[in-house]
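> only geometry, no sequence info:
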């Protein structure tokens, strides 16, 4: 680059920094008390305080909040002001008094790839008419009680496939995570579009195309989860210095292409059946795709809406449900007395019944307590997707939250708040017996999926699938640790990616067939 051109580049950069800092100061000062927090450095703010956070974000935020005595804590993430909420009482005030005011989403630069932030229900602001429309479609049609009831048999069949995979390896060491992730991915994909995406040893039902979808999604989510300088210094977005947006665009285009091909194949098959007279107009598959295609045919959604709804459900749902089952299995292996009590409940309730059904799982209080305790201690989203204040007048814990400020809920810390939970760091399912705590975040000490307007839309499916899969694994097999390994050697330390995963993910156990 020629010297004059280089001079103009640096001049433009300096002017941008000065203008942006001035604007941030005006926005961040506001009226009222600022929350306490670590002292920010010029320009980079508190980024150095988070230098160990990429694999440990929820722990780092909790330690900082504790060090500053701040259940509501201020952080400057580069040039982006943020407030971190780490207690039940602060979360209750935020959602009860200011849910509408903080229901927007700060958009990560990687989500601007292919306009995803303007198309996905996970990223659109709650004030956007498209967001309200898509949430309504998902709640009233795709994830409604009627729709989920229609796909119940398919889910139970996929759980049977998972059990068949494990049964074929009975008496040998099984990678629990691998088995559960594959089984749950197929359960979700079958409910969505009647196709397997992972080969877990069952009879293949899917075309080869679908078998790459899970890997593509994993690569996409990994790209989206990487720290990006553009998110901390927004004036650099246009440069995409780390190439994050470009990489996400490549991965996302492949994922959407696969989903589009699945939709096109369904339409071709239906047209062929209609022409041959084999389809009498009935509901051929009974899956989510049938519902969405019907909505598209009546003009209630577009093809782009349809594809993005499939993307949102699969990307957010499969990983979350599988992860919760894996965490629960890890804790059961680590706590043999809890495993024994759960097995006894299943045996007493089911008698000689071989397979667990969804209706069975819903009526087992100790099973439900185990699931909730696994979610409390190891939330799939230890840091909820960030919120953004869209109005002035937000006050949490006596501290002002300025318009434009990012609001971060550390759900891991909230659900270990000693003011809300006795022995908060221990796995004690009994704490949930007799307590009316559901998955919907109404009681703010238990927020595994958030609360308010931005509550995860997939909760109705989660509360059916996770108990069913866990109960089926525990009922069908007696699980033992590998030879020479004791229960207290099961490592349940975690690390933060897009979700909270086991730091040492190879949870291995030996399933023995129950006779």
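Received, thanks. For clarity, every value in this text was computed on a predicted model and none was experimentally measured. Residues are numbered from 1 along each chain as shown.
> for the closest residue in space to residue 301 that isn't next to it in sequence, what are its contacts?
Distances taken as Cβ to Cβ, 6 or more residues apart in numbering place residue 295 nearest to residue 301, at 4.8 Å, with adjacent residues excluded. Every C-beta, even on glycine, is put in place using the N, C-alpha and C of the backbone. Residues in contact with residue 295 (Cβ atoms under 8 Å, 6 or more residues apart in numbering) are 137, 141, 301, 306.
> try it again with 10 Å
Contacts for residue 295 (Cβ atoms under 10 Å, 6 or more residues apart in numbering) come out as 137, 140-142, 301-302, 305-306, 309.
> then residue 216?
Taking Cβ under 10 Å, 6+ apart as the test, what residue 216 contacts is 197, 251-252, 254-259.
> what distance do you get for residue 266 to residue 88?
With the distance defined as Cβ to Cβ, to the nearest Å, residue 266 ends up 45 Å from residue 88.
> between the two, who's got more neighbours?
Taking other Cβ atoms under 10 Å, residue 266 and residue 88 do not tie; residue 88 has more neighbours (22 against 19).
> just checking, next helix/strand downstream of the one helix or strand residue 255 maps to?
Secondary structure from DSSP states H and E places residue 255 in helix 244-276. Following the chain from helix 244-276 toward its C-terminal end, the next helix or strand by DSSP H and E is helix 288-297.
> quick check: buried residues in that next one?
Applying a neighbour-count criterion of 16 or more other Cβ atoms under 10 Å, one finds 288-293, 295 buried in helix 288-297.
> quick one: average pLDDT of stretch 240-257?
On average, the pLDDT along stretch 240-257 is 93.
> list the contacts of it.
108-116, 119, 209, 212-213, 216-231, 233, 236-237, 304, 307-308, 310-311, 314-315.
> just the pLDDT for the residue nearest to residue 109 when sequence neighbours are not counted.
Excluding its sequence neighbours, the residue lying closest to residue 109 (Cβ to Cβ, 6+ apart) is residue 230, at 3.9 Å. On pLDDT, residue 230 comes in at 95.
> contact partners for residue 230?
Per Cβ under 10 Å, 6+ apart, neighbours of residue 230: 78, 108-110, 112, 236-242, 244-245.
> emit the PyMOL select command for whichever of those are buried.
Selection of buried members from those for PyMOL, criterion 16+ other Cβ under 10 Å:
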select buried, resi 78+108+109+110+112+236+240+242+244+245
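> between the contacts of residue 230, which is nearest residue 407?
Nearest to residue 407 among those is residue 108, at 15.0 Å by Cβ to Cβ.
> residue 386 versus the closest residue to the closest one other than its chain neighbours, what's the distance?
Excluding the flanking residues, the one nearest residue 108 by Cβ to Cβ, 6+ apart is residue 231, at 5.4 Å. Distance of residue 231 to residue 386, computed by Cβ to Cβ: 10 Å.
> overlap in contacts, those two.
What both residue 231 and residue 386 touch, as defined by Cβ under 10 Å, 6+ apart, is the set 77, 80, 106-108, 406.
> now those residues in CSV, with pLDDT, distance to residue 481 and secondary structure?
As requested, the shared contacts of residue 231 and residue 386 are arranged in CSV below (pLDDT from 0 to 100; distance: Cβ to Cβ, whole Å; DSSP: H, G, I helix; E, B strand; the rest coil):
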residue, pLDDT, distance to residue 481, secondary structure
77, 96, 42, strand
80, 97, 45, strand
106, 92, 43, coil
107, 89, 45, coil
108, 90, 40, coil
406, 97, 43, strand
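> only whichever of the residues you listed are buried, select them in ChimeraX.
For the buried members of the shared contacts of residue 231 and residue 386, the matching ChimeraX selection, counting by 16+ other Cβ under 10 Å, is:
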select :77,80,106,107,108,406
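> widest-spaced pair of the shared contacts of residue 231 and residue 386?
Maximum distance among the shared contacts of residue 231 and residue 386 (Cβ to Cβ): 14.1 Å, for 77 and 107.
> the nearest residue to residue 107 once chain neighbours are set aside and residue 353, how far apart?
Leaving aside its chain neighbours, residue 107 sits nearest to residue 117 (4.4 Å; criterion: Cβ to Cβ, 6+ apart). Using Cβ to Cβ, residue 117 is found at 47 Å from residue 353.
> quick one, which of these two is more surrounded?
residue 117 (18 against 12).
> who are the contact partners of that one?
Residue 117 touches 105, 107-111, 123-125, counting by Cβ under 10 Å, 6+ apart.
> quick one: those residues as a markdown table, columns for distance to residue 476 and secondary structure too.
Output for those, formatted as a markdown table (distance: Cβ to Cβ, whole Å; DSSP: H, G, I helix; E, B strand; the rest coil):
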| residue | distance to residue 476 | secondary structure |
| --- | --- | --- |
| 105 | 41 | coil |
| 107 | 44 | coil |
| 108 | 41 | coil |
| 109 | 46 | helix |
| 110 | 41 | helix |
| 111 | 40 | helix |
| 123 | 39 | coil |
| 124 | 42 | coil |
| 125 | 45 | coil |
